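Asks: Would you be able to build a 3D model of this:
(2 chains)
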Amino acid sequence: MHNKLGWLRLPLYGVLVFLYLPISVLIFMSFNASDAPFTWTGFSTKWYSVLFDSPDILEGFKNTLIVAVITTIISIVLGTLLAIGLARYQKSSSLEAIALTPAIFPDLALAIGLLALFTSLHLTLGLHSVIISHALFCMAFVTAIVRGRLAQIDSSLEEAAQDLGDTAIGTFFRVTLPSIKPAIIAGGLLAFTLSLDEFVIAFFTNGPSSPTLPIVIYSMVRFGVSPEINALATVVLLISALIVTIAQRNVKVQDQL
Amino acid sequence: MSSFLSIAAVSKRYGDIQALNNVSIDIRENEFFALLGPSGCGKTTLLRALAGLESLDSGVVTLANEDLLSVPANKRPVNLMFQSYALFPHLNVFDNVAYGLRREKLDKAEIDHRAHDVLKTVGLLDQKDRRPSQLSGGQKQRVALARAIVKRPKILLLDEPLSALDKKVRSEMQLELKRLQHEAGITFIIVTHDQEEAMSIADRIALMDKGEVVQIATPVEMYSAPKTKFVADFIGTSNLFSGTLGTGNISVQGKTLPAPATQLASGSKAVLVLRPEDITLGTTGQISGTLVSSNFYGGSSLLFVDCGFEQLVKVSCALNQVPPAGSTCHLSWSAADSILLADA
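Replies: Alright, predicted model coming up:
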């Protein structure tokens, strides 16, 4: 390709390096044999085995998975219902704005607000309060994605189903749901990744006995960066990347429909 | 000649817009009926109300002497073919067609049998495993049609069924619709804004304007005996001369034209309707003028002649007799061929 704007590729590569260099360093250093986190002495996978032998990390990982899975389920169900209501029954742009805003609330404000609410309700803090808090903002993402899909599909599909003798509930499960399924999956995977590495809100709304993985990492880093952190971050990165890839594939399938 | 579907004095309002105003139509069994009119005349609202997808403010609709409006959409013995076809994108052709039968809880063998039969009728049996996105416009239209008639409805409603097709496919499908209607023995009600389509396809037409029915008639009646100026203007091509009625003539923009026998009082406002094919070119005529242009339509041409009226006079003319542009044309017609209507 020899075109006049070829030189524009240089800043493109520059930006890509800027974006991916830190991540590459992280992955590279996670295979470092040295005890010091940032000096290379040789290749080793020992930090990965340290990782899987550490009860704190495993406990954090388990807690994070519990939170992410339950948050995803709640977000999918409530977010989809909310999107259908907004798209089909209550067309109001202000209501839509109210429903979608939690997605862009500052984490810190949301965290402090939730903590204040839970305390005033005398609710015990633990994984359940983190799940409620995560579902609150993750649901808005699911709503936004499903709402967008609903705007694209022809509403006469649902009318056609009724005309052919289907009930309202049958129409939902046989026509509406299959049409928005790719969006629900994409929204759910997004909710899962958001919950997976969420720190601020989890830090405020969690109890002391059940730290999630980001909180475990934070408490480890407070006493200095240990090499296994690199390995742990690499694992988290891999899971997120995998999920985002699946989500994007789904969006592509959705475009073909 | 008893009425099968009786629509009596139905009205519907959307805010400031009167979508349907006291509409009454009686439709016979096995009739091919067209609801015709310009966009916004209420024809689609009426069709959707018959399907049960729209509620009415007042009026009664009965089908075979039974109230239809109290029956919910999914229980009506009526099916609608949507303008967008509304095929389910996640189901293949066969499952689209079988959708309605499965909701009737018929046994599998019967569903298979009926779906296959109808796909054969519309010539799409070999496409039954395809998704709607893999079909052409004409094929989608056939699937939509098959999906609706496989339910064996008492009435099939068709919302602008041919508007998305190109002209050639459209005329093929018009024939096919007529054949299907004949074979299936189902009453068809078609909504269209295309008067040519309604004229060629329907047994009877209800012409609607601004939420009201203007005239209900067979295509021939509608063409030869329009009830109002709107009908005369909407159906076919015509010359409309508005003027004041004299005795045996009408004065139009300072010129006097012969008028047919009429009940209208002398001195009243009237419109003289003259079809292009009733005018002949000759050496003498009631009016004459200069040929401005001519449009070629296959076997004949439509001439536009400036006779000093506000609008050009349209005259149809055999292809080999078209005079050169700019030449003087003498137009004559028999007063009995023209139609005189009161002008509001």
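Asks: Domains in chain B, by residue range?
Replies: B:5-224, B:237-342 (automatic domain parsing).
Asks: So which of the ones you listed is the most surrounded?
Replies: Greatest average neighbour count among the domains of chain B goes to domain B:5-224 (a mean of 19), per mean count of other CB atoms under 10 Å in any protein chain shown. Where C-beta positions appear, they are placed from N, C-alpha and C, glycine not excepted.
Asks: Which strand or helix spans B:S11?
Replies: Taking DSSP states H and E as the definition, B:S11 sits inside strand B:5-14.
Asks: Also B:Q181?
Replies: Element membership of B:Q181, judged by DSSP H and E, is helix B:167-184.
Asks: what packs against that helix?
Replies: helix B:137-149, strand B:155-159, strand B:187-192, helix B:195-201 (3 or more CB pairs under 8 Å, 6 or more residues apart in numbering or on different chains; DSSP states H and E).
Asks: How is B:R152 assigned, secondary-structure-wise?
Replies: Per DSSP: H, G, I helix; E, B strand; the rest coil, the local secondary structure of B:R152 is coil.
Asks: Flag the shaky bits of chain A, pLDDT-wise.
Replies: A:1-3, A:37-38, A:250-257 (pLDDT under 70).
Asks: Tell me the residues of it that contact chain B?
Replies: Counting by CB under 8 Å from any CB of the partner chain, chain A comes close to chain B at A:154, A:156-157, A:159-167, A:170, A:174-175, A:178-179, A:256-257.
Asks: before we move on, the earlier item: partner strands of the strand holding B:S11, with direction?
Replies: strand B:17-27 (antiparallel), strand B:58-63 (antiparallel) (DSSP bridges).
Asks: so whatever helix or strand comes next after the first one versus strand B:5-14, what angle?
Replies: If I follow you right, that is strand B:17-27. Helices and strands here follow DSSP H and E; after strand B:17-27, the next one along the chain is strand B:32-36. Orientation of strand B:32-36 against strand B:5-14 (axes from the mean of the first three to the mean of the last three CA atoms, to 10 degrees) gives an angle of 20 degrees.
Asks: By proximity to chain B, which residue of the stretch 1-150 of chain A wins?
Replies: Of the stretch 1-150 of chain A, the residue with the smallest distance to chain B, taken as CB to the nearest CB, is A:R149 at 12.2 Å.
Asks: is it fair to say that residue lies in a helix?
Replies: Yes. Counting by three-state DSSP, A:R149 is part of a helix.
Asks: residues in contact with it?
Replies: By CB atoms under 8 Å, 6 or more residues apart in numbering or on different chains, the residues touching A:R149 are A:179-180, A:182-183, A:254.
Asks: What ranges does the chain have for its helices?
Replies: Let's take chain A. Per DSSP state H, chain A carries helices over the ranges A:9-29, A:46-53, A:55-84, A:93-100, A:107-120, A:127-152, A:156-163, A:168-171, A:177-196, A:200-205, A:213-222, A:227-256.
Asks: that's the wrong chain, I wanted chain B
Replies: Taking DSSP H, the helices of chain B run over residues B:43-51, B:93-103, B:108-121, B:137-149, B:167-184, B:195-201, B:219-224, B:229-234.
Asks: Of those helices, which is nearest B:G298?
Replies: helix B:167-184 (12.7 Å; CB to CB).
Asks: between the closest one and helix B:108-121, how many degrees?
Replies: 130 degrees.
Asks: what does helix B:167-184 rub up against?
Replies: B:30, B:32, B:121-122, B:137-138, B:141, B:145, B:149, B:152, B:156, B:158, B:161-162, B:165, B:188, B:190, B:197, B:200-201.
Asks: That helix to helix B:137-149, inter-axis angle?
Replies: Helix B:167-184 runs at 20 degrees relative to helix B:137-149, counting by the same axes, to 10 degrees.
Asks: related to what we said a few turns ago, need the helices and strands packed on helix B:167-184 in JSON lines with distance to A:G126, can you?
Replies: Shown next, in JSON lines, are those (distance: least, CB to CB, whole Å):
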{"stretch": "helix B:137-149", "distance to A:G126": "53"}
{"stretch": "strand B:155-159", "distance to A:G126": "57"}
{"stretch": "strand B:187-192", "distance to A:G126": "61"}
{"stretch": "helix B:195-201", "distance to A:G126": "69"}
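Asks: Same list (those) but as CSV, adding mean pLDDT and distance to chain A.
Replies: Below are those laid out as CSV (pLDDT from 0 to 100; distance: least, CB to the nearest CB, whole Å):
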stretch, mean pLDDT, distance to chain A
helix B:137-149, 91, 7
strand B:155-159, 94, 9
strand B:187-192, 94, 14
helix B:195-201, 90, 21
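Asks: so which of the ones you listed comes closest to A:S92?
Replies: When those are compared (using CB to CB), the closest one is strand B:155-159, at 28.6 Å.
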